[in-house]
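Enquirer: I'll drop the sequence and a predicted model, then ask my questions.
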Amino acid sequence: MSRNDFQRLFDQLEALSIGFGPVFRDFQVPTTNYPPHNIVTISENEFKLELAVAGFKKDEVRMEEHQGVLTIRGDKNLSSDSEYQYQGIAARSFSKSFRIAEYFEVSSAGMEDGILTVSFIKNVPEEAKPKLIAIK
């Protein structure tokens, strides 16, 4: 399916919905591919995000969750005291956002071997779970 096909589908869905415009517009916002990432399904209620942050130190990466959006920022502290003969490792700052599905929350985060791993777990509150109703 091409980008134009997706755009037409979103336009049709937006025309048939009330109050969901911002959700459809979120899908249309162009995003960068830097840094690359994986989303790994562990189970129906768990998944993890792997973000390649090679060259970044823990104190140069910041994560924030607000209103169902996880934003990860990397601010590279560039020292001008180094003279490179060749610099092929990306040293640019980044900001990348991910929409988090309802009831999912960050359960842990860690950084090892240049990969930032963020684990998510589904935590449905009791009042949102289906309830059996007794018939008398």
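Expert: Structure's in. What do you need?
Enquirer: pick out the residue closest to the middle of the protein.
Expert: Centroid check for the chain by CA atoms, centre = their mean gives Phe98 as the closest residue, at 2.5 Å.
Enquirer: can you tell me the closest non-neighbouring residue to that residue?
Expert: Leaving aside its sequence neighbours, Phe98 sits nearest to Leu70 (CB to CB, 6 or more residues apart in numbering; 4.8 Å). All C-beta atoms are positioned from the backbone trio N, CA, C, and that covers glycine.
Enquirer: on that earlier part again, and the residue nearest to the centre of the chain, what element?
Expert: strand 94-99 (DSSP states H and E).
Enquirer: after the worst-scoring helix or strand of the chain on mean pLDDT comes which helix or strand?
Expert: When each helix and strand of the chain is scored by mean pLDDT, DSSP states H and E, helix 21-28 comes last, with a mean of 55. Toward the C-terminus, helix 21-28 is succeeded by strand 37-43 as the next helix or strand (DSSP H and E).
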